[in-house]
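Undergrad: one predicted model, sequence on top.
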Protein chains: 2
Amino acid sequence: MNSPKRSPSKDHHPVKGGAPVTSDLPTTTALKLWVVLARSHAAISEVLKADIERHDLTAAEFGVMEALYHKGPQLLGEIQKKILVSSGGMTFLVDRLAKRGLAERQECSSDRRARYAALTKKGEKLMASIFPAHAAVIHSAMKGLKPADQRALTALLKELGTEAARLAAETPACKAALAEQD
Amino acid sequence: MNSPKRSPSKDHHPVKGGAPVTSDLPTTTALKLWVVLARSHAAISEVLKADIERHDLTAAEFGVMEALYHKGPQLLGEIQKKILVSSGGMTFLVDRLAKRGLAERQECSSDRRARYAALTKKGEKLMASIFPAHAAVIHSAMKGLKPADQRALTALLKELGTEAARLAAETPACKAALAEQD
DNA sequence: GATTATTATCTCAGTAGTAAGAGTTCAATA
DNA sequence: TATTGAACTCTTACTACTGAGATAATAATC
């Protein structure tokens, strides 16, 4: 029996027979996809985050550790691209891991601007002890779909993501162009 | 010609013939799916974020506005569930929108604890002026897939997300149970 | 009517992360 | 050699958000 002052019944997507009116059908399809994609991502993220936090790591910290664990020492910039943080964030993350003795910086002999990040023995040990369990959590978070469907989903997402990444890459330029118009 | 002190060639997923060794196959499938899902989500997010920021809104602010725009006045808690922020964040968001005259609080006549958030005229006008373009951006961010594939993807993601959400919902309890063991 | 549990928002301190730009180093060209 | 521009990290200032608890109202039970 709620009765707010304004009627809550004005709906810009009044669904009659299932079809919204504000947009054309392909746009509606895309909108729906985005909603579902975002929610799935959030739900899975939450499960994984809960697992990671048990070891006093943030998701970003874990991302760095994982990259180093699987691919060995890497330039900060390389890791940055993989886990999608800012350059400042990258520095901060490695600092924090270094302070805890989980990772360390190594100089690059061929380029003195660059720094490698690498796991310490302690960091490696930690990852070895928690990664298998984490992989199991991922596995279980995905159990809503059979492996075959998971592979199909992966293929579709890859296509979607590749195009979106291309678009995102050219967006800053567009942004800069628009900024000039102000 | 990079030569870090430690060899960067120790790889815990040495791919020989395409199959990693640390985990069984289903787990590998799930891991791959997670990577692709996260990257797609990030790429699309970035495109949409760039669009939203042009109007001096954060993604979360836009989420609130959008919820109100499409469904009318709602309790803060309802919106909170939809856009996945903390209760503190929800209060903060409405404050900020109110300060700018885009949204306002309305009392609930039947429950004095509760508050509705609603768009002001100004907020509604803003959304009416920017939402169609935003929908078009979403549409274009999804253009990597044909509508039919988008629908297939949506269906798969829905299944995946539903199960993950169920899992996430029971995880806190698990966390609490584990906390007692410390 | 009093008590207890639950629901809903708000407060506030703390933090992870961003953005912009500074400082180095490298590479290419004249 | 000197210069210019690009590449890589780090610094600094800042901000959006979280999380835990406070406050207040409602609902349920005795």
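TA: The structure has been received and is ready for your questions.

Undergrad: strands of chain A, residue ranges please.
TA: Taking DSSP state E as the criterion, chain A carries its strands at A:74-75, A:103-107, A:115-119.

Undergrad: now do the second one, average pLDDT.
TA: Averaged across strand A:103-107, pLDDT comes to 95.

Undergrad: buried sites along that strand?
TA: A:103, A:104, A:105 (16 or more other Cβ atoms under 10 Å in any protein chain shown). Bear in mind the C-beta positions are built from the backbone N, C-alpha and C, glycine included.

Undergrad: same deal with stretch A:73-84?
TA: By neighbour count with 16+ other Cβ under 10 Å, stretch A:73-84 contains the buried residues A:73, A:74, A:75, A:76, A:79, A:80, A:82, A:83.

Undergrad: show me which of those neighbour DNA strand D.
TA: Filtering the buried residues of stretch A:73-84 for proximity to DNA strand D by Cβ under 7 Å from any atom of the strand leaves A:75, A:76, A:80.

Undergrad: how about the last one, what does it touch?
TA: If a contact means Cβ atoms under 8 Å, 6 or more residues apart in numbering or on different chains, then residue A:80 has A:86, A:87, A:90 as its contacts.

Undergrad: wait, what's in contact with the nearest residue to residue A:133 once chain neighbours are set aside?
TA: Spatial nearest neighbour of residue A:133, excluding adjacent residues (Cβ to Cβ, 6 or more residues apart in numbering or on different chains): residue A:51 at 7.5 Å. Residues counted as contacts of residue A:51 (Cβ under 8 Å, 6+ apart) are A:133, A:134, A:137.

Undergrad: what about the residue nearest to the last one when sequence neighbours are not counted, distance to DNA strand D?
TA: Beyond its immediate neighbours in the sequence, the residue positioned closest to residue A:137 (Cβ to Cβ, 6+ apart) is residue A:51, lying 4.5 Å away. Separation of residue A:51 from DNA strand D (Cβ to the nearest atom of the strand, to the nearest Å): 13 Å.

Undergrad: what pLDDT does residue A:51 get?
TA: pLDDT for residue A:51: 92.

Undergrad: and for residue A:165?
TA: Note on residue A:165: pLDDT of 89.

Undergrad: wait, what's in contact with residue A:40?
TA: Taking Cβ under 8 Å, 6+ apart, we find residue A:40 in contact with B:37, B:157, B:158, B:160, B:161, B:164.

Undergrad: returning to that earlier point: dump the buried residues of strand A:103-107 into TSV; add distance to residue A:42 as well.
TA: Shown next, in TSV, are the buried residues of strand A:103-107 (distance: Cβ to Cβ, whole Å):
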residue	distance to residue A:42
A:103	28
A:104	34
A:105	33
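
Undergrad: tell me the one of those residues nearest residue A:128?
TA: residue A:103 (14.4 Å; Cβ to Cβ).

Undergrad: how close does the nearest residue to that closest one once chain neighbours are set aside get to DNA strand C?
TA: Leaving aside its sequence neighbours, residue A:103 sits nearest to residue A:97 (Cβ to Cβ, 6+ apart; 3.9 Å). In this structure, residue A:97 and DNA strand C are 10 Å apart, going by Cβ to the nearest atom of the strand.
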